[in-house]
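S.K.: Here's my sequence, what's the structure:
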Amino acid sequence: MIRKQAYQKGRALFKSRYYYYRHVTHRQGETGFRPLGEELRRFVSTSASNEEELNFTEYTAEINSAYWETRPVAVTQRLVEVGASLGSWFATGSMLGESPQERASRLKRILTQLGPAYIKIGQAISSRPDVLSPVFLGELEKLQDRLPPFSTDEALKVIEEEYGKSPDKVFQSLSPEPVAAASLGQVYKGILYDGTEVAVKVQRPGVAKSISLDVLVLRRLAIQVRAWRKLNTNLPLLIDEWAASLFKELDYRQEAQNGIKFKELYSHLDGVYVPKMYSELTTRRVLVMEWIDGERLSSATAGSRDVLDDIRLVEVGVRCSLEQLLEYGFYHADPHPGNLLRTRDGKLAYLDFGMIGEVDEKIRRGLIRATLHLVNREYQSLADDFITLGMLPEDSDKEKIVPALTGVFAEALAGGVNNLSFGDLSSNLGRTMYEFQFQIPSYYTLLVRSMSVLEGIALRSDPNYKVLASAYPWVARRLLTDTSPELRDTLLALLYKDGKLNFKRMQSLLTQSTRSTGLPQRPKGAPEGSPPPRGDALALLLSPKANFIRDIVINELGKGTDAAWRVSVDSIVMGAYNELYSTMVSSGDPQSLPFLRNLLEFLTQIPKLSDDEDVEQIDGLQALVQTLQETSAAQQASSSFSTGGETETKEKTETSSRCTLEDQIQSFVSFVEWSIKEAQTLDQEERLQAAKLPFDVAQNASNRIVARAVRWFFTEESTEESQSRSQTTVVRSMPQMRQTTPHASIQKRYMFGSDDFPKSMFRPTHFGV
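M.R.: Just a heads-up that it's a prediction; the model follows:
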């Protein structure tokens, strides 16, 4: 009976107000239905206040639906209110010709009036420049900390109900007014009896019930929208996941535990600050945490000194986000600008740990592999990554998906990874995801949001900033030092093709790992202010975690050492041949020098020991050593690296290899001098690893030499291989032979004028003449 009367009252009120305002607006030539929406909101809030509190604290769609099925009047009233509010915004915006600023401001007011659930939606898109224009972003961002507060008397009542005693028994003082009002509660500055300044967050009365009703309304709308637009994404399921996370956020005890764990995991990172939680003073609706003096990260104005500081702290945030998502899998799921503060001492402080997400290890490894395959344009492997990440079913038609992904990513990477916008990429990828029925997991949405928020903050200070360019150095270092079999297989697949090392990719990974967001952090438990470990490439290769990549380098150095002596021998033989040949030509009578003729014939019979691959190996190692030198501690002390930088190593101008013995010796001496200089900057453990390197390389090279000797002298296959190798031509290793030695037929006519000179001497199978 009571519900029927309430329904009839609401219907009569709706009709009377509608006809009244229709008559007035017609008579006065006005448009708009704002008074009707305000009247309905007042009626609904009055009706809702008479209802009892929710009888559940954890959300499931079934429990929530069962609760509101017995309250159809409240559901109908809310549907009418939401429809009237948003409908009037759409209608009047087009009818009155409002400016974008006016429409954005009114949308912000409507979302605020509709309550916490819609405020959370506004917060979610307030840092997405790929979704809304800057005018709307600026207005919706105000939802993050400029909400109308509820009365202090209500807040004190909540505190007393939670503690079971007067607030003055717990706090020495509380600010008379809230210092900030958020969607779920508001914050007071308090002082404990020991003089400690704290932030006291008090939950809004009735907020749980309001959210549960709005979730029901949104879920019903999502079902209709999904059926109408034939969407692949399960919108109701996404709303359920979001609602479950939101209900967890309503329990401040869980938020305090989240904050404690977050501090344990990430407070050791340079530039990151996590406030202390007072769990003994925290209840379900009251949270007490350390007070932090600071300002919002996005508050810097163009041209101010704080702009560069914002960019620096954004990179701190990027590194911390990567640690959260890819290292530990425990991440802050609500990183809007209102939850990021620049402290007085220049650190990035994280606030509000109500929404926390978790990613399992398999997904974390998959995300790292996907990033690497994206940067290196390996789209076939990227399609496999999407299957691993649960975005595509295993029976997907990759022959159709790979070309589509290639089109999206090739266009996005046209300007290089350094110019890739994370927001644009996620937007363009969305169309392909829809076409091929990708399933969007919750962690993907939160990952995109986290990176987009940080990129959005940085873009206010630097229009050219790209978050992926800052994220890749961390991924590069992680790949080089990870111990998991999956990532080691990924590293091998990236570096090797047809059994040959891609030195450019190796240089790129080493170079990227030394940029600011890739540098190693101060270990957990280390004293505050203690210096972080060295971040140059040499220190990385000598670190305990880099044993796998160090073994790869040792193997390549052994291969290079084996190649170097063979190239040197070939260089000596060719130098002797050219010198003897010049002597015979200058004598004018080659027939009078039989000893030289026999010696030349002997030299032509010596098989060629090296080939082009050996020369390429030496070139690659020289470039790798140059990369190590450029990123060394001594080099970093004299020059600074760009924090953004190119993602791929730029190709250096190719130079001919050091093929002569003299050049090889000079190169070795230079490397030894540099090594001795760098050894003075290494710690004890790194020095031990550095001392072992020459022996490991020598052992690897000697094993190769012995194995080669066995193949050459004791197997028939080695003989055939040797003959084949002796017929190869010299391209890069001996360029002087082409310049000084004329064609064989010209030599014969000039020197001897007969056929009695050994033809094997001019055989093009050895020196390529």
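S.K.: so which helix or strand takes in residue 581?
M.R.: According to DSSP states H and E, residue 581 maps onto helix 547-587.
S.K.: which element follows that helix toward the C-terminus?
M.R.: Assigned by DSSP H and E, the successor of helix 547-587 is helix 594-605.
S.K.: quick one: the next helix or strand after that following helix to helix 547-587, angle?
M.R.: Sequence-wise, the next helix or strand downstream of helix 594-605 (DSSP H and E) is helix 612-630. For helix 612-630 against helix 547-587, the angle by axes from the mean of the first three to the mean of the last three Cα atoms, to 10 degrees is 120 degrees.
S.K.: confidence score at the residue most central in space within the chain?
M.R.: Centroid-nearest residue in the chain: residue 471, 3.8 Å away (criterion: Cα atoms, centre = their mean). With respect to pLDDT, residue 471 scores 84.
S.K.: Could you check the angle the helix or strand encompassing it makes with helix 547-587?
M.R.: Residue 471 belongs to helix 467-481 when assigned by DSSP H and E. Per the same axes, to 10 degrees, the angle that helix 467-481 makes with helix 547-587 is 90 degrees.
S.K.: Going by residue numbers, what spans are strands in the stretch 151-300 of the chain?
M.R.: In the stretch 151-300 of the chain, the strands defined using DSSP state E, counting those that start in this stretch lie at 173-174, 180-181, 185-191, 197-203, 272-273, 286-290, 294-296.
S.K.: Format these as a markdown table; extra columns: distance to residue 547 and mean pLDDT.
M.R.: No exception for glycine: its C-beta is placed from N, CA and C like everyone else's. Output for those, formatted as a markdown table (distance: least, Cβ to Cβ, whole Å; pLDDT from 0 to 100):
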| stretch | distance to residue 547 | mean pLDDT |
| --- | --- | --- |
| strand 173-174 | 56 | 96 |
| strand 180-181 | 49 | 86 |
| strand 185-191 | 49 | 95 |
| strand 197-203 | 45 | 96 |
| strand 272-273 | 29 | 94 |
| strand 286-290 | 40 | 97 |
| strand 294-296 | 41 | 86 |
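S.K.: Kindly state which of these is positioned closest to residue 107.
M.R.: Closest approach to residue 107 among the strands of the stretch 151-300 of the chain (Cβ to Cβ): strand 180-181, 19.1 Å.
S.K.: The residue lying closest to residue 308 once chain neighbours are set aside: how many residues sit nearby?
M.R.: In this structure, residue 308 finds its nearest non-sequential neighbour in residue 461, 7.6 Å apart by Cβ to Cβ, 6 or more residues apart in numbering. Close neighbours of residue 461, defined as other Cβ atoms under 10 Å, add up to 21.
S.K.: where in the stretch 451-600 of the chain is pLDDT low?
M.R.: Scanning the stretch 451-600 of the chain for pLDDT under 70 picks out 522-531, 588-592.
S.K.: same thing but 90
M.R.: Counting by pLDDT under 90, the stretch 451-600 of the chain shows low-confidence ranges at 451-475, 483-484, 486-487, 497-499, 508, 511-545, 564-565, 567-600.
S.K.: Would you indicate which residues of the next helix-or-strand element following the helix holding residue 471 are buried?
M.R.: For helix 467-481, the following helix or strand on the C-terminal side (DSSP H and E) is helix 485-495. With burial defined by 16 or more other Cβ atoms under 10 Å, the residues of helix 485-495 counted as buried are 487, 490-491, 494-495.
S.K.: how much distance is there from the following helix or strand past helix 485-495 to the middle of the chain?
M.R.: Next along the chain after helix 485-495, taking DSSP H and E as the criterion, comes strand 496-497. In terms of Cα atoms, centre = their mean, to the nearest Å, the centre of strand 496-497 is found 25 Å from the chain centre.
S.K.: Direction included, what does strand 496-497 pair up with?
M.R.: Strand 496-497 sits in its sheet next to strand 500-501 (antiparallel), going by DSSP bridges.
S.K.: which residues touch the partner strand?
M.R.: The set of residues external to strand 500-501 that reach it, using Cβ atoms under 8 Å, 6 or more residues apart in numbering, is 495, 552, 556, 613, 620.
S.K.: hmm, back to that, now, which of the buried residues of helix 485-495 sits nearest residue 153?
M.R.: Distance to residue 153 across those (Cβ to Cβ) is lowest for residue 487, with 56.7 Å.
S.K.: Verify the stated contact: the closest one with residue 480.
M.R.: No - Residue 487 is not in contact with residue 480 according to Cβ atoms under 8 Å; the separation is 9.5 Å.
S.K.: so how far is residue 509 from residue 629?
M.R.: In this view, residue 629 and residue 509 are 17 Å apart by Cβ to Cβ, to the nearest Å.
S.K.: In terms of neighbours, single out the busier of these two.
M.R.: Each of residue 629 and residue 509 has its neighbours counted (other Cβ under 10 Å); residue 509 has more, 28 against 19.
S.K.: Now name the helix or strand holding that one.
M.R.: Assigned by DSSP H and E, residue 509 belongs to helix 503-513.
S.K.: what's the following helix or strand after that helix?
M.R.: Going down the chain from helix 503-513, the next helix or strand is helix 537-542, by DSSP H and E.
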